[in-house]
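[1] output the structure for:
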Amino acid sequence: MPFKIMSLTDAAAERITEIIEDSDKPVIGLRVGIKNAGCAGVSYTMDYVDAPIAGDDHVEDRGVNVWVDPKATMYLLGTIMDFEASKMGSSFTFKNPNQTGACGCGESVTLAPADLKALAEARAGAV
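    Residues are numbered from 1 along each chain as shown. So this is what the prediction gives:
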């Protein structure tokens, strides 16, 4: 079985389904990436997908489709995407094993490329 770049919690999958259903235009999923931003280095990006972009990595989890910008793949390997709601607001969150730091305000993070050797060893131990 191939290694999944990222996975979704039930809450994230439910919210993505709501976004798709509530969109004014045809949407088939979300695209996740990263961009240079903030004091820690990068922030996550998310966009609607009405048609897959050639070269994007595709993740299908819990009945929803997420595409990953190939420039972000090495930084997102092993990430769990969640959706959290509170009285103060709601947002998608990312539990990323490649995160090495974050700014104090929560707007950006520092990411390192995934350690492929460690991922392969962990996967081999899980079999």
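[2] where does the chain have low pLDDT?
    Where the chain drops to pLDDT under 70, the residues are 1-3, 40, 104-109, 112, 116, 118-127.
[3] which stretches of it form strands?
    6-8, 29-37, 41-49, 57-61, 64-68, 79-86, 89-95, 99-102, 109-111 (DSSP state E).
[4] ok, and for the fourth one, which residues are buried?
    Meaning strand 57-61. Residues 57, 59, 61 are the ones in strand 57-61 that count as buried (16 or more other CB atoms under 10 Å). C-beta: built from backbone N, CA, C; applies to glycine.
[5] can you name every helix or strand that it contacts?
    strand 6-8, strand 64-68 (3 or more CB pairs under 8 Å, 6 or more residues apart in numbering; DSSP states H and E).
[6] note down every partner strand of the shortest one and its orientation.
    Right, the one you point to is strand 6-8. Note on strand 6-8: by DSSP bridges, its sheet partners are strand 79-86 (parallel).
[7] mind listing what's buried along the strand it pairs with?
    79, 81, 82, 83.
[8] of those residues, closest to residue 102?
    residue 79 (14.2 Å; CB to CB).
[9] and the closest one, bridged to which residues?
    Bridge pairing for residue 79 - DSSP bridges - gives residue 6.
[10] ok, now which ones touch it?
    Residues near residue 79 by CB atoms under 8 Å, 6 or more residues apart in numbering: 5, 6, 7, 94, 95, 96, 97, 98.
[11] now with 10 Å, please.
    4-8, 32, 44, 59, 68, 72, 94-99, 111, 114 (CB atoms under 10 Å, 6 or more residues apart in numbering).
[12] go on, residue 63?
    8, 13, 14, 16, 17.
[13] among those residues, name the buried ones.
    For the contacts of residue 63, buried by 16+ other CB under 10 Å: 8, 13, 16.
[14] is it possible to get a markdown table of the strands of the chain that adds distance to residue 22?
    Below are the strands of the chain laid out as a markdown table (distance: least, CB to CB, whole Å):
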| stretch | distance to residue 22 |
| --- | --- |
| strand 6-8 | 18 |
| strand 29-37 | 13 |
| strand 41-49 | 11 |
| strand 57-61 | 20 |
| strand 64-68 | 14 |
| strand 79-86 | 14 |
| strand 89-95 | 14 |
| strand 99-102 | 30 |
| strand 109-111 | 28 |
